[in-house]
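In: Predicted model and sequence follow; I will ask about them next.
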Amino acid sequence: LLLLLLFFAVMASNGKTPPPAYEHFFRPPALGQGESALCSAPALIAASNAAARCRVLSLGGQIECHLSTAFVTLEIRFENNTNISDNFLFQLPQHSRTTISNVKLQKFHGQNPPEELCVSVISADDVQALSAKANTTIQEVASSPYDFRLLVPALAVGDQAVLNITYLETLEFFDGFYEFVLPLTFRVDEVAGSYQDVVNLTVAINAGASYSPPNAAQIQALSNTHTLVGNQVTATRAVFALDRRRAWCNGPFHLKYSMLSTQVMASAIFEPGRFGSYDPRNTFALFLLPPSHVGMVFPRSVVFIIDRSGSMHGQPLEDAKRALEAGIEMLHPSDLFSIVVFDHTQTLYRHDMTVASAQNKKDAVAFTRSIVSQGATDILSPLEVANNLLHRTPATHIPVVLLLTDGAVSNEKEICTFVQAQMAAVRVFTFGLGPYCNAQFLRMLSAMGRGHCELSWHSSLVYDQFLHLLNKATQPVLTDVRIANLPRDFCEVYPPVIPDLYARTPVTVVGKAGTTLPTNLHVTGRTATGEMFSIFVNLDQNAYIPLHRLFVKTQIEELTARAWFEGSPELRDKVITTSVNENMPSAYTQMVAHPNPATTSAPAGKGNAGYTAAVAAGAVGATLVAGGALYLLASGSLGLGFGSVAATASNLGTGGAMDSLLDVGHGLADAVQGSCCGLCDCNCDCSTCGIDCGDYCSTVGDTCSGCWSSVWDFFSGCASSAWDCVSGCSLCSDVGAGCSSCCGSVWDTLSGCASGTCDECGKCNCDDCGDCGDCGD
């Protein structure tokens, strides 16, 4: 039976075509059963018919790039030129590193005043309060790590919809260039006129404030997809626009820019605190950039730790092996290295660290190609092996561990404690594949090890992203980086321990200060020649960059990982409070679409909290767009952050599960789900059930998400879709009986995982509708 299930999983993951270059980071969910075309531009699509799309009348955008971060504002005007009056779904393809920070929708119907819908962040407690309100319906708009979706309700033929979206995106750094991509591949009938008439973008590149050494930076910008016109306004700012006099190809806008220098550069900026804001402290940031041409670098002792457990079978393991081969070839002749391959046991390439000679690298590639998937998952033991290997290497080498895994294990906090205590000098880089690995665990490990973490949510991206992480870890040029003159007692700084500067990895440090900041930052470190690096960087005010937003995003990510590791309710509450008040999504909060508070009687309050309280109190429930409905929006990859130990223990395949993240629904109508309370199938008004839907859904996600994702994969062999198989079943009472005729004994095989789900649902007595209101959980 297990072999049969594995066969179904492999079959479900085969036959998928990799997306094209530039667009593969933006691949959205399937738009309809059997439809393979990619949606590679912002689109407004009829919920009942994926072929019906609104026409884009205009798309304007302002892109403010500040070194490693892009702050993007888009305004898109659609017109419903279809023959369908329907609910429509807005899709914005995005990178997994994108954070949506603000959304506003206006609907125009004839001469009537526009209806407005906004997006805010609310806590799980508010979700619970809303679910209990008789005049409020909660619907979830499904999404994926690679797109953002917003329901545009009741858009009649001829109506127009204007969407304003603001987001932050952490940019990648390739060969000395930062890269930004905006997906703009429209279908022929989606654009009203020529692309030049419809699309209007301006780009500003900010190289920071004054640089140290002075005049070190020179902005170089180029696009291989569009012609840019503009100039460098100042020494540290350049502004460009798309040349609308020239014909464009229908495709993504691809921007590359660099700050050319022959030496390590540093820039520091600050933003004064705003009186009356949620966090009124001063914000500052330090940016360190590697030189364009690297001379002497530190020798490294590198241990590659690769997961070969049964769940890695198929394309994920093959792509990881391919990237590892490239990583081996990147080794410098002065480096030492070894490879540890693990399942519940470990296999070593060599039992000692090996010089990175041409022959040894050739042998290591042959060893890599021989890796096959097998066994369970044990992450602590290979780390102990790596630590023993690294203890026998020269003190002049920088010790580096590169860990790749697709699983979550029950002793992750013990592993973090081990790394913190026993591997304090080791740089730890982590790579996670798919929804079953615990992103918070991998982020915590890399933060403790002054390294970097990369997460991949789709099988076609594994090779490129793992190779990129391996690139990040090559050629360290500055280590032991510190800011010597910060008033630490009054500062909150992220990351708390500053990573090394690598030739292909700039460093960004952000912080808040509750006191007056110094006029400059004293940055110190150690170079590969053994000399001390010391530089004073002027701390200048920059008016163009919302530095506060960059700090909040980084703060939430760091504190979420710490809250998981420390098991701290206080840190979790801080993340929630910050997320809600700063309107920045997190793993513990939910984005919700609601009427514009300016058009309601909601009381005023600090940040977003006043409107959140009004919603929770039911003050605006009766005035909601679409007849008293709130729409919970998935937070992209944020909701996938805690992994599934159960799925890992069951060796459920990662490849199919990764692809299923994009196949959210067969048909767009499935993207709008009923409330999670409806999972109880109580045959009554679930708004009186009293279930904490937020906690309930997160529990199912933490405990059995791997199980259910894999069920979707396994069922694909016996039904046209998983939803076809289980759509008529309530979660607790009917799945085992009602679906067994379709899926046979799959239920028996997965009963260990699914029984936990039914125990959770069992807190509400679904057999007796009258008792549903008494469950109180």
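Out: That came through, no problem. Numbering: from 1, shown residues only.
In: Every contact and neighbour count from this point should use C-alpha atoms.
Out: OK.
In: check which helix or strand covers the nearest residue to residue 42 once chain neighbours are set aside.
Out: Spatial nearest neighbour of residue 42, chain neighbours left out: residue 92 (4.7 Å); criterion: C-alpha to C-alpha, 6 or more residues apart in numbering. For residue 92, the host element (DSSP states H and E) is strand 86-93.
In: How many neighbouring residues does the residue nearest to residue 42 have?
Out: 21 (other C-alpha atoms under 10 Å).
In: Touching, residue 124 and residue 589? I think so.
Out: Yes: using C-alpha atoms under 8 Å, residue 124 makes contact with residue 589 at a distance of 6.0 Å.
In: that older thread, and the contacts of the helix or strand following the strand holding residue 92?
Out: Remark: after strand 86-93, the chain's next helix or strand is strand 98-108, criterion DSSP H and E. Strand 98-108 has contacts (C-alpha atoms under 8 Å, 6 or more residues apart in numbering) with 114-120, 152, 155, 159-170, 553, 583-585.
In: change it to 6 Å
Out: 114-119, 159-169, 584 (C-alpha atoms under 6 Å, 6 or more residues apart in numbering).
In: now do stretch 555-570
Out: With C-alpha under 6 Å, 6+ apart, stretch 555-570 has contacts from 440, 444, 571, 572, 575.
In: State the distance from the fourth one to residue 565.
Out: Relative to residue 565, residue 572 is positioned 11 Å away (criterion: C-alpha to C-alpha, to the nearest Å).
In: Please identify which of these two sits among more neighbours.
Out: Using other C-alpha under 10 Å as the criterion, residue 572 and residue 565 rank with residue 572 on top: 21 against 18.
In: and that one, helix, strand or coil?
Out: helix (DSSP: H, G, I helix; E, B strand; the rest coil).
In: Relative to residue 248, how far out is it?
Out: For residue 572 relative to residue 248 (C-alpha to C-alpha), the value is 48 Å.
In: same question, residue 414
Out: Taken as C-alpha to C-alpha, the span from residue 414 to residue 248 is 55 Å.
In: Which one of these two is surrounded by more residues?
Out: Between residue 414 and residue 248, counted using other C-alpha under 10 Å, residue 248 has the larger neighbour count: 16 against 12.
In: Regarding the more buried one, what is its secondary structure?
Out: coil.
In: burial count for the closest residue to it other than its chain neighbours?
Out: In this structure, residue 248 finds its nearest non-sequential neighbour in residue 226, 6.4 Å apart by C-alpha to C-alpha, 6+ apart. As a burial measure, residue 226 scores 20 neighbours (other C-alpha under 10 Å).
In: Please apply the same query to residue 161.
Out: 23.
In: Same check on the one 10 residues further on?
Out: Burial of residue 171, expressed as a neighbour count using other C-alpha under 10 Å, amounts to 20.
In: Quick check: phi and psi at it.
Out: For residue 171, the backbone dihedrals are phi -90, psi 150 (criterion: degrees, to the nearest 10).
In: Tell me the confidence at it?
Out: The score at residue 171 is 87. That number is its pLDDT.
In: That one touches residue 68, doesn't it?
Out: Yes: counting by C-alpha atoms under 6 Å, residue 68 is a contact partner of residue 171 at 5.2 Å.
In: where's residue 117 relative to residue 160, distance?
Out: 14 Å.
In: Please apply the same query to residue 169.
Out: 28 Å.
In: Repeat that for residue 93.
Out: 21 Å.
In: try residue 464
Out: In terms of C-alpha to C-alpha, residue 464 sits 39 Å off from residue 160.
In: who has more neighbours, the two?
Out: residue 160 (22 against 15).
In: which stretches of the stretch 501-650 of the chain form helices?
Out: Under the criterion DSSP state H, counting those that start in this stretch, the stretch 501-650 of the chain contains helices at 547-566, 569-582, 609-616, 625-628, 645-649.
In: Kindly report the same for the stretch 151-300 of the chain.
Out: Counting by DSSP H, counting those that start in this stretch, the helices of the stretch 151-300 of the chain are 195-198.
In: List the beta-bridge partners for residue 403.
Out: residue 305, residue 430 (DSSP bridges).
In: what's the spacing between it and residue 642?
Out: In terms of C-alpha to C-alpha, residue 403 sits 18 Å off from residue 642.
In: Repeat that for residue 314.
Out: For residue 314 relative to residue 642 (C-alpha to C-alpha), the value is 24 Å.
In: Which one of these two is surrounded by more residues?
Out: Per other C-alpha under 10 Å, whichever of residue 314 and residue 642 has more neighbours is residue 642, with 23 against 19.
In: That one reaches residue 437, doesn't it?
Out: No: with contacts counted by C-alpha under 6 Å, residue 642 stays clear of residue 437, the gap being 7.1 Å.
In: burial measure for residue 103, as a count.
Out: There are 19 residues near residue 103, going by other C-alpha under 10 Å.
In: Apart from its neighbours in sequence, what residue is nearest it?
Out: Nearest to residue 103 is residue 165, by C-alpha to C-alpha, 6+ apart, at 4.6 Å.
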